[in-house]
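# turn this into a model:
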Amino acid sequence: MEMPNKDLGTLFDQLGLESDPASIDAFIARHYPLADDVKVSEAPFWSDTQGTFLKEQMHMDAEWAPVVDELNVRLHAHKAA
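Below is the predicted model:
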């Protein structure tokens with residue numbers, strides 16, 4: 001059986017959140033910018049289960065890690081070089 005591609009939509013599904021593009025953009029806008037010293041998995045808006053899932057995926061460099069990293073980048077403000 002072929003596994004579906006992992007993207008922000010499927011990550012938001014996995015987290016139990018609305019996963020259509022407009023809902024994802026609204027979620028990010030609502031929580032942006034995340035302070036530089038806050039890891040995406042430790043953000044205060046996640047439930048314990050959601051935060052643990054994100055942390056485990058990054059720690060194990062699991063199949064979700066690239067998508068979690070994408071979310072991390074979109075939630076943090078990045079200064080131009």
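
# and the helices in the chain, which stretches?
For the chain, helices defined by DSSP state H occupy the ranges 8-14, 21-31, 48-59, 65-75.

# reformat those as CSV; add distance to residue 40.
To be clear about C-beta, it is placed using only N, CA and C from the backbone, and glycine gets the same treatment. CSV is the format used below for these (distance: least, Cβ to Cβ, whole Å):
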stretch, distance to residue 40
helix 8-14, 11
helix 21-31, 10
helix 48-59, 6
helix 65-75, 4
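
# so which of those helices is nearest residue 38?
helix 65-75 (8.9 Å; Cβ to Cβ).

# C-alpha coordinates for that closest one, CSV please?
Output in CSV follows, covering the C-alpha atoms of helix 65-75 (Å, rounded to 0.1, in the frame of the first residue of the first chain):
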residue,chain,number,x,y,z
ALA,A,65,10.2,15.8,10.1
PRO,A,66,10.5,17.8,6.9
VAL,A,67,6.9,18.9,7.1
VAL,A,68,7.3,19.8,10.8
ASP,A,69,10.4,21.8,9.8
GLU,A,70,8.4,23.6,7.1
LEU,A,71,5.8,24.6,9.8
ASN,A,72,8.6,25.7,12.1
VAL,A,73,10.0,28.0,9.4
ARG,A,74,6.6,29.5,8.6
LEU,A,75,5.9,30.2,12.3
